[in-house]
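Novice: the sequence and its predicted three-dimensional model are supplied below.
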Amino acid sequence: MNTIHILLIEDSETDAILVKHELLQAMDNQVTLAHTKRISEALELIQQQSFDSILVKHELLQAMGNQVTLVHANRMSEALELIQQQSFDLILSDLGLPDCSGIETINRLHKNAASIPITVLSSRNDEKLALQAIKAGAQDYLVKGALTEGALARVIQYSIERKRTEERAKKAQQRFQTIFEKAPLGIALINFRTGKFLDVNPMYASIVGRTIDELIQISQANIIHPEDLEVYLQSMALLDNHKIPSSKITKRILHPNGSIIWIEMSVVPFDTGEDAEVCYLCMIKDISDHRQMIANLHDLTEHLQNIREEEQTRIGREIHDVIGGTLTVLKMDLDWLSKKVTANPMHERIKSLYQLTGEAIETTRRVSTNLRPNVLDNLGLHGGIEWLIREFEQRMNIECHLTLSVPNIPELDKNRETAIFRIIQEVFTNITRHAQATIVKMYIEEKDHHILFKIKDNGIGITKEQLINPKSFGIIGMHERAKQMGAQLIIKGSHSNGSVIQLQVPIQNFQKDLREIAND
Ligand SMILES: Nc1ncnc2c1ncn2[C@@H]1O[C@H](COP(=O)(O)OP(=O)(O)OP(=O)(O)O)[C@@H](O)[C@H]1O
Ligand SMILES: [Mg+2]
């Protein structure tokens, strides 16, 4: 708590000394007196007069838990000068000064120090004058020599309280202002009905690329991207109807330089305390970089997947053509040799080599097909899926039923067929490695211009934690591939019913169409 600074305007040195002395005693010598020179004089006077009526020391002491300083002025001119130079919390003033008297004293003080409370300390016990003084702006009228018990103490206590409250409010206001000004978040107060900005912080203005003054002239709707405006207005309406307590939306802002800023916006209703003004507090964060990073990451993933696919195709072809080709020649020669060399044990050795070569050819074919299933090229997606199922059944000895509700899977472009094939391949690999299933059912349906691939196993079921685990790269890869072709992938699992994977692919390639439009 800061010091309470009091201005005492009193032409009578005696009265001034009396007040000071009382304060001095009350404050247990804590008061810094401007006029300490005549303390001895005061003590002398105190001997001669009765002061009980001036102040009740005990009460004042209670009121003065804090430090008080007192400055004494003898004349109005001196008082007004002091008011200019210092800031006072209370004025205690006599009404009979050499250069100003009566109610004029209050008028002048009030005019020059409207915010400082004034208490009259007069020797005139005049009710009319007291009333006039209060009307002119004085807070209290005390009669010297006839002070009611604790009156002065009360006046000072009130001013201390007032000062405390003011300081608290000032500090809270300063704190709020600093947060508002320095926040790394865009903050604005907006009128609910008109959408007009009432208050905007520097960060808000900087994010949307306008000045605070410019924003105050316009409404939020003026800066929102037209395509996002409807969603924004809808969420505002929900807030207005109290259907939701707050709203968080991602939307685009039109920067005056023509660029688009992606922002994440949180909105909460805000009570300004004025009925007419229903407001909301809007906080925004620039997420353009973040969005760009995600978009880059998607592009990079797509690029890497394409490279991987091309690389696998190349290696698969090499294995198939070169190693497969060589082994086939070897097998034919061994066959010829076995017919020429009939004597054992040479014949048996050659026969055994012939068989091993046959197995090596088979492995080569499988490896190269896994790398790039040429069934996809030769037989299309349907053939590829059937091949996957056959492979899976043979390897795992698990029944797998395929139900096709259309005679043929509609033909899709190569990239999407490969993506679907890879997703289904990963599903079968996961069933092989994790599911502990005994039956797998696959359904392929055509519905609402989409093809639906559904694979169900009766195993232990994938858990929610495994689905959202950032290290489930197989699942992340499936989602990435689905997203790239504009498909929807849903994976669910339960301990009692196993896992089910649904991939819904639009027959028309919207992603490709969009890319082509963008390139045009
Ligand atoms: N059909 C399934 N049944 C039960 N659990 C499954 C099934 N499919 C996946 N899971 C669980 O989900 C986890 C994540 O699968 P994901 O394919 O992402 O990774 P992974 O198969 O372990 O490794 P990889 O990156 O080689 O694919 C698996 O480790 C497994 O625990
Ligand atoms: Mg996996």
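Specialist: Sure, I can see it. Ligands and ions are numbered 1, 2, ... in the order given.
Novice: C-alpha only now, for contacts and for neighbours.
Specialist: OK.
Novice: tell me the secondary structure for the residue of the stretch 151-300 of the chain found nearest ligand 2?
Specialist: In the stretch 151-300 of the chain, the residue that lies nearest ligand 2 is His298 (19.9 Å; Cα to the ion). Assigned by DSSP: H, G, I helix; E, B strand; the rest coil, the conformation of His298 is helix.
Novice: run a quick neighbour tally on it.
Specialist: Using other Cα atoms under 10 Å, His298 has 16 other residues around it.
Novice: what's the pLDDT at it?
Specialist: On the pLDDT scale, His298 is placed at 85.
Novice: now it: closest residue in space, sequence neighbours ignored.
Specialist: Once flanking residues are discounted, His298 sits nearest to Glu480: 7.5 Å by Cα to Cα, 6 or more residues apart in numbering.
Novice: confirm the one you found sits in a helix?
Specialist: Yes: counting by three-state DSSP, Glu480 is found in a helix.
Novice: in PDB, list the C-alpha atoms belonging to stretch 299-318.
Specialist: Provided in PDB are the C-alpha atoms of stretch 299-318 (Å, rounded to 0.1, in the frame of the first residue of the first chain):
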ATOM      1  CA  ASP A 299       3.000 -34.200 -51.300                       C
ATOM      2  CA  LEU A 300       6.200 -35.700 -50.100                       C
ATOM      3  CA  THR A 301       4.500 -38.900 -49.000                       C
ATOM      4  CA  GLU A 302       2.800 -39.200 -52.300                       C
ATOM      5  CA  HIS A 303       6.100 -38.600 -54.100                       C
ATOM      6  CA  LEU A 304       7.900 -41.100 -52.000                       C
ATOM      7  CA  GLN A 305       5.200 -43.700 -52.500                       C
ATOM      8  CA  ASN A 306       5.400 -43.100 -56.300                       C
ATOM      9  CA  ILE A 307       9.200 -43.500 -56.200                       C
ATOM     10  CA  ARG A 308       8.900 -46.600 -54.100                       C
ATOM     11  CA  GLU A 309       6.300 -48.000 -56.500                       C
ATOM     12  CA  GLU A 310       8.500 -47.300 -59.600                       C
ATOM     13  CA  GLU A 311      11.600 -48.700 -57.800                       C
ATOM     14  CA  GLN A 312       9.700 -51.900 -56.900                       C
ATOM     15  CA  THR A 313       8.500 -52.200 -60.400                       C
ATOM     16  CA  ARG A 314      12.000 -51.900 -61.800                       C
ATOM     17  CA  ILE A 315      13.500 -54.400 -59.300                       C
ATOM     18  CA  GLY A 316      10.500 -56.800 -59.900                       C
ATOM     19  CA  ARG A 317      11.100 -56.600 -63.600                       C
ATOM     20  CA  GLU A 318      14.800 -57.300 -63.300                       C
END
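Novice: pull up the residues of this structure that are close to ligand 1.
Specialist: Taking Cα under 6 Å from any ligand atom as the measure of proximity, the chain contacts ligand 1 at 430-431, 434-435, 459-462, 466, 472-475, 499.
Novice: now those residues as JSON lines including distance to Asp289, neighbour count and pLDDT?
Specialist: Listed next are the residues of the chain next to ligand 1 as JSON lines, based on distance: Cα to Cα, whole Å; neighbours: other Cα atoms under 10 Å; pLDDT from 0 to 100:
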{"residue": "Asn430", "distance to Asp289": "35", "neighbour count": "15", "pLDDT": "91"}
{"residue": "Ile431", "distance to Asp289": "39", "neighbour count": "24", "pLDDT": "93"}
{"residue": "His434", "distance to Asp289": "38", "neighbour count": "13", "pLDDT": "91"}
{"residue": "Ala435", "distance to Asp289": "40", "neighbour count": "18", "pLDDT": "91"}
{"residue": "Gly459", "distance to Asp289": "42", "neighbour count": "21", "pLDDT": "93"}
{"residue": "Ile460", "distance to Asp289": "41", "neighbour count": "18", "pLDDT": "95"}
{"residue": "Gly461", "distance to Asp289": "38", "neighbour count": "22", "pLDDT": "94"}
{"residue": "Ile462", "distance to Asp289": "34", "neighbour count": "20", "pLDDT": "95"}
{"residue": "Gln466", "distance to Asp289": "29", "neighbour count": "12", "pLDDT": "92"}
{"residue": "Ser472", "distance to Asp289": "26", "neighbour count": "12", "pLDDT": "88"}
{"residue": "Phe473", "distance to Asp289": "25", "neighbour count": "10", "pLDDT": "86"}
{"residue": "Gly474", "distance to Asp289": "27", "neighbour count": "14", "pLDDT": "87"}
{"residue": "Ile475", "distance to Asp289": "26", "neighbour count": "20", "pLDDT": "91"}
{"residue": "Ser499", "distance to Asp289": "37", "neighbour count": "23", "pLDDT": "96"}
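Novice: okay, those in CSV with secondary structure next?
Specialist: Shown next, in CSV, are the residues of the chain next to ligand 1 (three-state DSSP):
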residue, secondary structure
Asn430, helix
Ile431, helix
His434, helix
Ala435, helix
Gly459, coil
Ile460, coil
Gly461, coil
Ile462, coil
Gln466, helix
Ser472, coil
Phe473, helix
Gly474, helix
Ile475, helix
Ser499, strand
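Novice: and those, which two are furthest apart?
Specialist: Gly459 and Phe473 (20.6 Å; Cα to Cα).
Novice: for stretch 337-357, measure first residue to last.
Specialist: One end of stretch 337-357 sits 14 Å from the other (Cα to Cα, to the nearest Å).
Novice: pLDDT of it, averaged?
Specialist: Stretch 337-357 shows a mean pLDDT of 90.
Novice: and it, what's buried?
Specialist: For stretch 337-357, burial by neighbour count (16 or more other Cα atoms under 10 Å) applies to Leu337, Ser338, His347, Ile350, Lys351, Leu353, Tyr354, Thr357.
Novice: what's the closest of those residues to ligand 2?
Specialist: Nearest to ligand 2 among the buried residues of stretch 337-357 is Thr357, at 32.2 Å by Cα to the ion.
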